[in-house]
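Chemist: With the input below, show me the fold.
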Amino acid sequence: MYGSTPAMAIDPALRGTLDDLMVSLQRALKLVTECQEKRKLLRVLRSGDMARELGRVHKDITRKVMLSTFAANVRNNIMLTTNMQYAPPPPPMLSMAEMCCPSAWNRR
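Modeler: Here you go, the predicted structure:
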């Protein structure tokens, strides 16, 4: 439901933000469905109210998408920094002489 990887579905920070987003999307779907089911005259009379309500839902969805993106970025940064602690050290830097002259490579 939350993505293709089980780790993302389990992460509590992502679960909370995605659950909030799902509630907002369901609210938007309900509003659009109600608008489509009403009679034409009633739709015209309530169009201003519906537009304001849809605008509020749109802002809410946008805010929650940004929050979900932020939560995913924080989670990824934490995972990367945690994994970097266990990574092997980088190879030693080559000097300019070693980069320019392949014969210097054998001296190492």
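
Chemist: Work out for me the element the residue nearest in space to the middle of the chain sits within.
Modeler: Closest to where the C-alpha atoms of the chain average out (CA atoms, centre = their mean) is Thr69, at 2.7 Å. Element membership for Thr69, per DSSP states H and E: helix 47-84.

Chemist: and the gap between the residue nearest to the centre of the chain and Pro90?
Modeler: 30 Å (CB to CB, to the nearest Å). For the C-beta atoms, the positions are set from N, CA and C on the backbone; glycine is no exception.

Chemist: now Glu53
Modeler: Taken as CB to CB, the span from Glu53 to Pro90 is 55 Å.

Chemist: Which one's more surrounded, those two?
Modeler: Neighbour count, other CB atoms under 10 Å: between Glu53 and Pro90, Glu53 has more, with 16 against 6.

Chemist: Spit out the contact partners of the more buried one.
Modeler: Neighbour list for Glu53: Leu31 [criterion: CB atoms under 8 Å, 6 or more residues apart in numbering].

Chemist: mean confidence for stretch 87-105?
Modeler: Averaging pLDDT along stretch 87-105 gives 72.

Chemist: Check stretch 36-51 too.
Modeler: Taken as a whole, stretch 36-51 has an average pLDDT of 74.

Chemist: Without its sequence neighbours, what residue ends up closest to Asp20?
Modeler: Lys64 (5.3 Å; CB to CB, 6 or more residues apart in numbering).
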